[in-house]
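> fold the following for me, if possible:
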Amino acid sequence: MDTSELTPAETRVWQAFPRGESVDFRTGDEETAPDGTDAAERTVRASVLRALLLKTAQEEGEIAALKITGARITGVLDLKYSSIDAAIRLSHCRFDSVPKLYGAQLRQLNLSNSVLPGLDAGTLRVDGVLRMADCRMRGPVRLAGARISGALVMERAEFTAAEGSGPVLWLNQATIGDDLWAPEMRAHGQVRLTGASITGRINIQDAEFDNPGGVALDMQNLTAEAHIQARCLRARGRVELRGARIAGQLDLHHARLSHPGDTALRASSCVIGELWLRGSHRIEGALNLRRSHIEILTLEPEMLPERVLLSNLRYTVLAPHEPAERRLPMLEHDEGPYEPHSYEQLIAAYRHVGDDDAARLVQLAKLRRRRTTLVWYGRLWGHVQDATVGYGFRPLRAAVWLLSVLAVGSIAYGLHHPHPVKAGEAPDFNPVFYTLDLLLPVIDFGQESAFAPRGWYQWLSYALIITGWILATTIVTGVTRTVSRQ
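Numbering: from 1, shown residues only. Got it, this is the predicted structure:
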């Protein structure tokens, strides 16, 4: 490039580049280059920057670097498929056109505090850190398939795009060798991280993802080898985690998840070390944890929505420890047909902490839920078992029923003795043992065969015999179930 054609601003940049010196066009510490003709004294053409990066040799004994602050960059910065050894820092700058970095290989790129109409950087390679902290992106940022050896920093960055242009941030199939650091970022549209692989932490604490009626944060098949910090996250639209693999914690303390009428959080078919859903904000929309495997599930009942999908969910520890009465609505709100697996998981969680009473309550709830799936006579028999012995979990009920019926029979036959079958041969009548003879089908005190009631007393004896058989059968069923559990 003919240096005689350079403007004073471009000459400063040209002379500073070989020595890696910084050029600061700002007049204030936080100022970003203004837009329009009033920025002529700080305007740098993108073609000049391209020529510097691709053609200019560095001075001996110096490390070349492009370090510009507060410039207005006109034209298209086209570095597609290039390989550049010099570090690039274009901070507090304003770009008139979308930089094209598709397939480029860079040592380091810093766009912090800059304003861009978008970024086309699919399959970009960065040997160090890619910084976009405090950036304002006014169009799609395409980093699909990018390979970043260091961290990706997007702290307090803001992403917007025209309606119908697709996701505002594309990081699908990207590989990041360190942290994805994006606390307090703002995305007005979909953020896509499908198939991405992150070695370090993902920090999206206090971030905001706004895409009402659609997917706000798409992290399907994400691989995170450390923690995801998402405390106080706000998402309007679905948070999609289907098929994700998260080795550490997925921390959603005090998160606000809202997608009314649809699924707010889908973490199905996931493998997660710890999932934390705690805070005072109830999820607005369905919670889908189907087929996932979570070692420690921290879930407060207050956060649960009306629709919960837990089919084939597996977890080892359920925290915080809550009474069974507060956990059962989670299973009752589970959509779809009755599945015993969800109840068995909750039973196992209570047994894991030694709370056998809570485990028995869940087992009882499981049998009652199963009863609703049976035919009418099965439901009827289930109600009988429930009322008499609580499906074997309330054995004292049978004794109460037995004593109550025994008292009724004893009083009735004590007031009106039945006639002996053979006068002079019958033993002395005892209303208590006569009633026991009627109630207990396998015990004979010699009273039932010796006396024959008449009228309604005879009908009472039939009722006592039937009641005795029902009580005996339900008691045997309950005892058998208790023994099989042990």
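> got the end-to-end distance for stretch 264-276?
End-to-end span of stretch 264-276 (Cα to Cα, to the nearest Å): 16 Å.
> how far does that stretch sit from the chain's center?
4 Å (Cα atoms, centre = their mean, to the nearest Å).
> list the buried ones in that stretch?
264, 265, 266, 267, 268, 269, 270, 272, 273, 274, 275, 276 (16 or more other Cβ atoms under 10 Å). C-beta here means a position set from N, CA and C on the backbone, and glycine is covered the same way.
> stretch 402-414 too?
402, 405, 406, 409, 410, 412, 413.
> from these, which is closest to residue 191?
Nearest to residue 191 among the buried residues of stretch 402-414, counting by Cβ to Cβ, is residue 402 at 65.6 Å.
> my read: that closest one touches residue 439, true?
Yes - here residue 402 reaches residue 439: they are 6.8 Å apart, a contact under Cβ atoms under 8 Å.
> quick one on the thing from earlier: now distance to residue 133, secondary structure and pLDDT too, for the buried residues of stretch 402-414, in TSV please.
Output for the buried residues of stretch 402-414, formatted as TSV (distance: Cβ to Cβ, whole Å; DSSP: H, G, I helix; E, B strand; the rest coil; pLDDT from 0 to 100):
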residue	distance to residue 133	secondary structure	pLDDT
402	76	helix	75
405	78	helix	80
406	81	helix	79
409	85	helix	81
410	86	helix	82
412	88	helix	84
413	90	helix	80
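> so what's in contact with residue 402 and residue 439 at the same time?
Contact criterion Cβ atoms under 8 Å, 6 or more residues apart in numbering; residues shared by residue 402 and residue 439: residue 471.
> and residue 155, what does it touch?
133, 134, 181, 182, 183, 184, 185.
> please redo it, this time with the cut-off set to 10 Å
Neighbour list for residue 155: 112, 131-135, 181-185, 203, 207 [criterion: Cβ atoms under 10 Å, 6 or more residues apart in numbering].
> among those, the buried ones, what's the ChimeraX command?
A single ChimeraX command selects the buried members of the contacts of residue 155 (16+ other Cβ under 10 Å):
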select :112,131,132,133,134,135,181,182,183,184,185,203,207
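> buried residues, the helix or strand hosting residue 51. List them.
Residue 51 belongs to helix 46-55 when assigned by DSSP states H and E. Neighbour-count burial for helix 46-55 flags 46, 48, 49, 50, 52, 53 (criterion: 16+ other Cβ under 10 Å).
> closest to residue 369 among these?
residue 46 (66.0 Å).
> who's residue 239 bridged to?
residue 217, residue 265 (DSSP bridges).
> relative to residue 152, how far out is it?
Counting by Cβ to Cβ, to the nearest Å, the separation of residue 239 from residue 152 is 20 Å.
> next: residue 446.
90 Å.
> please identify which of these two sits among more neighbours.
The neighbour comparison of residue 446 against residue 152 (other Cβ atoms under 10 Å) goes to residue 152, with 25 against 13.
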